[in-house]
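In: Fold the following and give me the result.
(chains A and B)
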Amino acid sequence: MSARFIRVGAFGDAGTWLVAGAAAACLAAMLALLIVLGGAGAAPFWPSPIVEVQTRDGRVLLGEIVSRSDDAIALRTSEIDRIGTGYVRVAPKQFIDSTNPDDAFVIALTDGRRVFGRGDAAAADARLHEMSGADADEILWPNAVGFFARSGIFLRHVSRFLGASSTAAPLGGGVLPALAGTVTLVLLMSVIVMPFGIATAAYLHERRGAAAGLVRSAIGNLAGVPSIVYGVLGLGLFVHGLGADIDRWFYSDRLPVPTFGSGGLLWAALTLALLTLPVVVVSVEEGLARIPAGLRAGSLALGATRGETLWRLMLPAARPALLTGLILAIARAAGAVAPLMLVGVVKLAPALPIDGEFPYLHPSRQFMHLGFAVYDAALASPDAVRGVPRAYACALLLIVVVVALNLTAIVLRNRLRARYRALES
Amino acid sequence: MLTSLSDAASAQTPSSALTGVEIALETRALSLWYGKRRALEEVSFGLPARRITALVGPSGSGKSSLLRCLNRLNDEIEDCRVEGKVLVGDTDAYAKDTVVHELRRRVGMVFQRPNPFPLSIYENVAYGLRLQGLRKRRELDECVEAALKAASLWDEVATRLDDSALELAFGQQQRLVVARAIAVEPEILLMDEPASALDPAATLRFEELLHELAQRYSVLLVTHNMQQAARVADYTAFLHQGRLVEFGDTDSLFTNPRERQTEDYITGRYG
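Out: From the prediction side, this is the model:
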């Protein structure tokens, strides 16, 4: 198909190079994105060496080097009081010498602080006792171990990041709750948006005229509305409107504590469904329009009503387009964070929106979200130096989730396409 | 204008050609407008039961439009208006209380290009049956087999009923849609140039099939091909610029046309 457009010749060659160059640039940009996210996101999981720096004014600093430039060396030393208080700058003229002592250890506390020291396990215990009331997550002697042991530590850190541990820590712990929240939200959104989108597209395809034109232009306008506006709409319409009504009718015994009257998974999913509706409608309608008119006439001529034709013939034949709509909707929904901040996403949710307890899915619960975790880590972290790499890691994970969801849909679509290929030729 | 009226009047007496013949479908002064354009002008004729009637005429003469009036497929076209009557048996097709999809079941249609659904061969034929509410697998099997046999396709597809219908050859696809149409036991079969997209061998096969179908169904066959009309049709109607110029049994229409226009057309002076 595409080969037909590429002709040999002066302009054709230039065109070919242009097209190939553009495609290569896209690929390179995508690759660069993944490398940046992966590199910057993975760095903090790797155990960095502990240095001991001696200065001219007689200080001996134990910690990790955060950055090194011509006018200063930044060190992260023990955080005695709270996170983010251990940073020290050493000017070059103060700097005498630095060593990597083998017996240097770092204690990661459950509240996210890191404390450095030197000595054996007993010394580390003693150091831990100085931090009254704090528990240790792990104690490492990174200078003493080799590459493979460090790799093991790296993997342990990664799996801890992907898990659900110490979520309450100020820096945030495992992102599993955010991952679960994101996937649950996107799936619930898909379940809501697909029937509405398909029904609207079917209406637009079957009806022409002023009313359908009005609906079509309204949907076109919806596609152009900034996503934060959907957040406000969801807050006003769903949370404060519908949710407050549901609370009054069904949960009046719990008032004034809101059940559905505050942001939650259901309202966020509905808001995202509104946001993605135009995408689904447009692609499904295009899919329906691409079905040869003869098929529809053939079905009608057999005595099928319009509804039967749509249900038994048109929609099954348009399944690839349905999945295309779903793919686009997932991509748009997974990336929308702004509206969620108004309708139920939180930094720390007490419980997952989906668990083993009946009814398994809890639509009124607040939830965590990877997109919000990116925002939170990058801009609202108590320690920016450690927050930004965490934002990169969360962003990478978000991309992986979107790609995984999309790949599932794409594989499904390609299998369907193979079935209908003969139809489109 | 006067002459055209008298032409129409002469064509309005189909009974002369059809004395004593059972009529399956009848139109009375049927007119059709697409917006302001008049596509059919007071067409009146009777379709003989269990015979093949060919509908011939130059391109744009309204043959397909007439066909689509008979099963009300023109309803799907915007700005389309019908006047006059279409009687299918005793049913007035355009009466207010006529159920359109019920009418379309009784008046089957085969299109110019084969339009098998993107389903299996079996499901294509079963499509109309399932619409009728037939659910039992055994009954479906029997009906599908009978329809495929009647369309003389059974021997070719019996072993691969679950294959996609889109994999069939063109001629096979056209016989498949015939099987699909007759599976629901219509009274009338409308065929819109069904053989025009087929190669000569497939065309010959299709014409044989038409003869067999005419034992049970009343066939109205639109065709561009004069030889085909002469070969297969018992009756022939000549349509020109939306008017039914002449209608009679094929032999006399071809050998001894009453109208000058008919003679010009069948001798190839235009069309």
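In: what comes up buried for whichever strand or helix holds residue A:178?
Out: Secondary structure assigned from DSSP states H and E places residue A:178 in helix A:176-206. Buried residues in helix A:176-206, counting neighbours by 16 or more other Cβ atoms under 10 Å in any protein chain shown, are found at A:176-190, A:192-194, A:197-198, A:200-206. C-beta coordinates here come from the backbone N, C-alpha and C atoms, glycine included.
In: Kindly report the same for stretch A:230-245.
Out: For stretch A:230-245, by 16+ other Cβ under 10 Å, it's A:230-231, A:233-235, A:237-240, A:242-244.
In: what does the average pLDDT come to for stretch A:369-380?
Out: Throughout stretch A:369-380, pLDDT has a mean value of 87.
In: Strands along chain A, start to end?
Out: A:51-55, A:60-68, A:73-77, A:87-90, A:95-99, A:104-109, A:114-118, A:136-140 (DSSP state E).
In: Need those strands in JSON lines (columns: mean neighbour count and distance to residue A:290).
Out: Shown next, in JSON lines, are the strands of chain A (neighbours: other Cβ atoms under 10 Å in any protein chain shown; distance: least, Cβ to Cβ, whole Å):
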{"stretch": "strand A:51-55", "mean neighbour count": "18", "distance to residue A:290": "64"}
{"stretch": "strand A:60-68", "mean neighbour count": "16", "distance to residue A:290": "56"}
{"stretch": "strand A:73-77", "mean neighbour count": "20", "distance to residue A:290": "59"}
{"stretch": "strand A:87-90", "mean neighbour count": "16", "distance to residue A:290": "60"}
{"stretch": "strand A:95-99", "mean neighbour count": "12", "distance to residue A:290": "67"}
{"stretch": "strand A:104-109", "mean neighbour count": "21", "distance to residue A:290": "57"}
{"stretch": "strand A:114-118", "mean neighbour count": "20", "distance to residue A:290": "59"}
{"stretch": "strand A:136-140", "mean neighbour count": "16", "distance to residue A:290": "56"}
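In: Identify whichever of the ones you listed lies nearest to chain B.
Out: Evaluated with Cβ to the nearest Cβ, those place strand A:136-140 nearest to chain B, the distance being 58.1 Å.
In: Not counting its own residues, what contacts the closest one?
Out: Contacts to strand A:136-140, defined as Cβ atoms under 8 Å, 6 or more residues apart in numbering or on different chains, come from residues A:47, A:105-110, A:121, A:124, A:128, A:153, A:166.
In: Run the chain-centre distance for it.
Out: Taking Cα atoms, centre = their mean, to the nearest Å, one finds the center of strand A:136-140 at 29 Å from the center of the full chain.
In: That strand versus strand A:114-118: what angle between them?
Out: 40 degrees (axes from the mean of the first three to the mean of the last three Cα atoms, to 10 degrees).
In: Quick one: mean pLDDT for strand A:136-140?
Out: 83.
In: same check, this time on stretch B:48-59
Out: 91.
In: residues contacting the nearest residue to residue A:255 once chain neighbours are set aside?
Out: Spatial nearest neighbour of residue A:255, excluding adjacent residues (Cβ to Cβ, 6 or more residues apart in numbering or on different chains): residue A:247 at 6.1 Å. Each residue near residue A:247 by Cβ under 8 Å, 6+ apart is listed here: A:254-255, A:258-261.
In: ditto for residue A:204
Out: A:212, A:215-216, A:281, A:285.
In: From chain B, how far out is it?
Out: With the distance defined as Cβ to the nearest Cβ, to the nearest Å, residue A:204 ends up 15 Å from chain B.
In: swap in residue A:102?
Out: Relative to chain B, residue A:102 is positioned 71 Å away (Cβ to the nearest Cβ).
In: what's the nearest residue to that residue if we skip its chain neighbours?
Out: Here the residue nearest residue A:102, using Cβ to Cβ, 6+ apart, is residue A:144, at 4.7 Å.
In: What separation do you get for the one you found and chain B?
Out: Residue A:144 is 67 Å from chain B, by Cβ to the nearest Cβ.
In: What is the neighbour count of that residue?
Out: 14 (other Cβ atoms under 10 Å in any protein chain shown).
In: correct me, but it touches residue A:100?
Out: No - counting by Cβ atoms under 8 Å, residue A:144 stays clear of residue A:100, with 9.8 Å between them.
In: Residues in a beta bridge with the residue most central in space within chain B, which ones?
Out: Nearest to the mean C-alpha position of chain B, counting by Cα atoms, centre = their mean, stands residue B:190 at 1.8 Å. Beta bridges link residue B:190 to residue B:109, residue B:220 when assigned by DSSP bridges.
In: what's near enough to touch it?
Out: B:67, B:70-71, B:107-110, B:220, B:222.
In: Could you dump those into CSV and include neighbour count, pLDDT and distance to residue A:291?
Out: Formatted as CSV, these follow (neighbours: other Cβ atoms under 10 Å in any protein chain shown; pLDDT from 0 to 100; distance: Cβ to Cβ, whole Å):
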residue, neighbour count, pLDDT, distance to residue A:291
B:67, 22, 92, 22
B:70, 22, 92, 25
B:71, 26, 91, 21
B:107, 27, 93, 24
B:108, 27, 92, 22
B:109, 25, 93, 18
B:110, 26, 93, 19
B:220, 29, 94, 27
B:222, 22, 93, 25
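In: so which of those residues comes closest to chain A?
Out: Closest approach to chain A among those (Cβ to the nearest Cβ): residue B:109, at 4.0 Å.
In: wait, isn't that closest one in contact with residue A:301?
Out: Yes - judged on Cβ under 8 Å, residue B:109 makes contact with residue A:301 at a distance of 4.0 Å.
In: Could you name every residue contacting both of the two?
Out: With Cβ under 8 Å, 6+ apart as the test, residue B:109 and residue A:301 both reach B:71, B:73, B:181.
In: Keep only those of the residues you listed that are in helices.
Out: Residues of those located in helices (DSSP state H): residue B:181.
In: Go back to the shared contacts of residue B:109 and residue A:301 and keep what's next to chain A.
Out: Filtering the shared contacts of residue B:109 and residue A:301 for proximity to chain A by Cβ under 8 Å from any Cβ of the partner chain leaves B:71, B:73, B:181.
In: Could you save these as TSV and add columns showing distance to residue B:246?
Out: Shown next, in TSV, are those (distance: Cβ to Cβ, whole Å):
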residue	distance to residue B:246
B:71	24
B:73	26
B:181	28
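In: Spell out which parts of chain A neighbour chain B.
Out: A:208, A:292, A:294-295, A:297-305, A:308, A:312-313, A:316-317, A:419-420, A:422-423.
In: For PyMOL, what selects the buried ones among these?
Out: Per 16+ other Cβ under 10 Å, the buried members of the residues of chain A next to chain B correspond to this PyMOL selection:
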select buried, chain A and resi 294+295+297+298+299+300+301+302+303+304+308+312+313+316+317+419+420+423
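In: Sketch out the low-pLDDT regions of the chain for me.
Out: Using chain A. A:1-12, A:133, A:166-170, A:172, A:419-425 (pLDDT under 70).
In: could you do chain B instead?
Out: For chain B, the ranges with pLDDT under 70 are B:1-18, B:269-271.
In: Tell me where it has strands.
Out: Using DSSP E, strands in chain B cover B:23-34, B:37-48, B:52-56, B:80-88, B:91-92, B:107-110, B:188-192, B:218-222, B:235-240, B:243-249.
In: Report the contact partners of the closest residue to chain B within the stretch 101-250 of chain A.
Out: Nearest residue of the stretch 101-250 of chain A to chain B (Cβ to the nearest Cβ) works out as residue A:208 at 6.8 Å. By Cβ under 8 Å, 6+ apart, residue A:208 lies in contact with residue B:78.
In: switch to 10 Å and redo it
Out: A:216, B:78 (Cβ atoms under 10 Å, 6 or more residues apart in numbering or on different chains).
In: cool, residue A:144 as well?
Out: Contacts of residue A:144 (Cβ under 10 Å, 6+ apart): A:50, A:100-105.
In: ok, and the closest non-adjacent residue to residue B:146?
Out: residue B:183 (7.9 Å).
In: Do I have it right that the one you found meets residue A:302?
Out: Yes - counting by Cβ atoms under 10 Å, residue B:183 sits close enough to residue A:302 to count as a contact (8.6 Å).
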